[in-house]
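Q: Based on what follows, work out the 3D shape:
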Amino acid sequence: MTQLMKVTLPDIGDFNDVPVVEILVKPGDVVEQESPLLVLETDKASMEVPAPRAGIVREIHVKAGDRISQDSLIITLEIREIAVQATSSIDAGRAGNQPVTPAGMEEVLAKKIASTSTTVSTERGEIHAEVVVLGAGPGGYTAAFRAADLGKQVVLIERYPSLGGVCLNVGCIPSKALLHAAKTLDEAKEASLYGIHFGQPEIDLGKLRTWKESVVGKLTKGLSMLARQRKVTVIHGTGKFIDPHLIEVQTPDGIKTISFDRCVIAAGSSVARIPGLPADDERIIDSTGALALADVPGRMLILGGGIIGLEMATVYHALGARISIVERMAQLIPGADADLVKPLYKKLKAECEAIYLNTSVSRVEADTSGLQVYFEGEQAPEPQRYDRVLVAVGRRPNGKLIDAGAAGVNVDERGFIPVDKQMRTNIPHIFAIGDIAGEPMLAHKASHEGKIAAEVIAGHKAAFDARTIPSVAYTDPEIAWMGLTETEAGKQGIAYEKAVFPWAASGRAITMMRDEGMTKLLFDKDTKKILGAGMVGPHAGELIAETVLALEMGADMQDIGLTIHPHPTLSETVLFSAEMAEGTITDLYVPGK
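A: Prediction:
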């Protein structure tokens, strides 16, 4: 029995002529009851219009950009009794302990329903949620908590025993704890330059590890409490998609299935590997192994001169290891401008045994006495023997590890999942955020995207419209940058001017004995609006936030230069750079200004 149903816009409150922003279905699609058909946008929120019945989309009467009101005809649905029978057949198969795969389900529906281009699972898992979040890193837990705050019933899936993902458990937080310890050691050594002498430090690695783990534990316990307060259900295990509305989770207690109305993929990234290195040699470690702090090796080689590798170089040098760094590009931290990296390079050059640029490792031979490393490239040295090799050559998104294809989600060849400005994937009810949704792979980007995804799911008018995402290397000295870099400007042919204030003229930097730094502002020649900023020196990661806000608010050099900053502070260097641009600087003499 076949029945055509004319679907009209229901009562959506006191709104008329509401614009259609997106059509979520196409003719031939099979939809469930309550599946979203299209998205409307009022002056208060975005909202999805659900299907009143399960059926097949036969005709769409509106298009994106149209304005519609209550009772406007939007879609014609074909309601078939046979579709219900198809669903019953699937359920019966499952009841007989014969699992039905997505392909098998498609076959059943294909036999029952002709001319169908999309199939939809009606299976409910052991647990059902309005919103499932796959991954509990900074982006994932932010999405889960925000969705819960907006009234959604949320399930949060996390592979680690505690919440926080890579960042909190084996990344950002433990590394910053160890960097703080390294800074303490370095400052104690430097104090002798102004007459304060300490004895040779005694490093208790066991106690240092315990302290680092206590920092992580305090934060992860806090997240668990926040999840309980919001009534977010937490499932620990590794999740993979079964179909567009079902995830299977391998937990310590066995497999659990979780069905959902909406899903946010926040599955992050994994350490990139270098092929050809000896397998299963515990002396070859990644960042997780480095943060475990098993011991302090005599000689350590770091493969990769990016942020992660250089942060670990800072830690292990302070603890007493002799460090060498190899980087295949022409400079350390290739994403930053060369002038920002120069003070760090100079300091590392003095501290490390060697830094090899334009160089890569061709092979590593392991034996009982160490790791024999062979190099190739412009600065390639003779083979060297090391006690430990840290592989820090970047991270790769986990898009291909979660079987996203089983849900119909597009994953590119690198493992990224493309999304739109509302963080939607090509499957309208599935969203993706964080590392897996594209570069830059930064925790603060993920958190921002997590809020957007949750708010869109809740019907709010939200989209990703940030003008910049700041980057920070927590090395010593720190390097931070945001907006346009000089390197990018050169590649894109963008005209700009710059103002640089050297920290050698900063009273605060001199009192800290850290006058090697600088603050740089890039601005439009005509409008003087800020285009980008970079700084190198202690606390650069804290200082960069002011310039991010300035860019987001469209500030120009005069706005910054007329903003009174406290004295003496490092924050003044932003003010002084703006004054350099304006020609009003008095803390330096600039001829012709």
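Q: list the buried ones in the longest helix seen in the chain?
A: Longest helix in the chain, counting residues (DSSP state H): helix 205-229. Residues of helix 205-229 classed as buried by neighbour count (16 or more other C-beta atoms under 10 Å): 209, 212, 215, 216, 219, 220, 223, 224, 227. C-beta here means a position set from N, CA and C on the backbone, and glycine is covered the same way.
Q: how close does the fourth one get to residue 371?
A: Distance of residue 216 to residue 371, computed by C-beta to C-beta, to the nearest Å: 29 Å.
Q: can you check the last one too?
A: Separation of residue 227 from residue 371 (C-beta to C-beta) stands at 42 Å.
Q: Residue 431 and residue 458 touch, don't they?
A: No - if you go by C-beta atoms under 8 Å, residue 431 and residue 458 don't touch, sitting 12.0 Å apart.
Q: Look at those two and report which has more neighbours.
A: Counted by other C-beta atoms under 10 Å, residue 431 and residue 458 do not tie: residue 431 has more neighbours, with 30 against 20.
Q: For residue 561, see how far away residue 579 is.
A: Separation of residue 579 from residue 561 (C-beta to C-beta): 5 Å.
Q: now swap in residue 485 and tell me
A: Between residue 485 and residue 561 the computed distance is 22 Å (C-beta to C-beta).
Q: before we move on, back to that, nearest to residue 150, out of the buried residues of helix 205-229: which one, please.
A: residue 227 (15.4 Å; C-beta to C-beta).
Q: Test my guess that the closest one contacts residue 142.
A: No - applying C-beta under 8 Å as the test, residue 227 and residue 142 come out as separate, 11.8 Å apart.
Q: Ignoring the adjacent residues along the chain, who's closest to residue 36?
A: In space, and not counting its chain neighbours, residue 36 is closest to residue 48: 3.9 Å by C-beta to C-beta, 6 or more residues apart in numbering.
Q: so residue 234 is in which element?
A: In the assignment (DSSP states H and E), residue 234 maps to strand 233-236.
Q: so where do the strands sit in the stretch 351-500 of the chain?
A: Counting by DSSP state E, counting those that start in this stretch, the stretch 351-500 of the chain has strands at residues 354-356, 359-367, 370-377, 384-386, 388-391, 395-397, 430-432, 471-473, 479-483, 497-502.
Q: Save the ones you listed as JSON lines, and put in distance to residue 29 and mean pLDDT too.
A: Below are these laid out as JSON lines (distance: least, C-beta to C-beta, whole Å; pLDDT from 0 to 100):
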{"stretch": "strand 354-356", "distance to residue 29": "56", "mean pLDDT": "96"}
{"stretch": "strand 359-367", "distance to residue 29": "49", "mean pLDDT": "94"}
{"stretch": "strand 370-377", "distance to residue 29": "54", "mean pLDDT": "95"}
{"stretch": "strand 384-386", "distance to residue 29": "58", "mean pLDDT": "96"}
{"stretch": "strand 388-391", "distance to residue 29": "46", "mean pLDDT": "96"}
{"stretch": "strand 395-397", "distance to residue 29": "28", "mean pLDDT": "94"}
{"stretch": "strand 430-432", "distance to residue 29": "15", "mean pLDDT": "97"}
{"stretch": "strand 471-473", "distance to residue 29": "41", "mean pLDDT": "97"}
{"stretch": "strand 479-483", "distance to residue 29": "42", "mean pLDDT": "98"}
{"stretch": "strand 497-502", "distance to residue 29": "53", "mean pLDDT": "97"}
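Q: Let me know which of those strands is the nearest to residue 513.
A: Closest approach to residue 513 among the strands of the stretch 351-500 of the chain is made by strand 497-502 (15.2 Å; C-beta to C-beta).
Q: Which residues does the helix or strand just after the closest one contact?
A: Sequence-wise, the next helix or strand downstream of strand 497-502 (DSSP H and E) is helix 507-511. With contacts defined as C-beta atoms under 8 Å, 6 or more residues apart in numbering, helix 507-511 is touched by 503, 504, 515, 517, 537, 538, 567, 568, 569, 570, 572, 573.
Q: Tell me how many other residues crowd the closest residue to the fifth one other than its chain neighbours.
A: Same thing as residue 537. Spatial nearest neighbour of residue 537, chain neighbours left out: residue 517 (2.4 Å); criterion: C-beta to C-beta, 6+ apart. Using other C-beta under 10 Å, residue 517 has 27 neighbouring residues.
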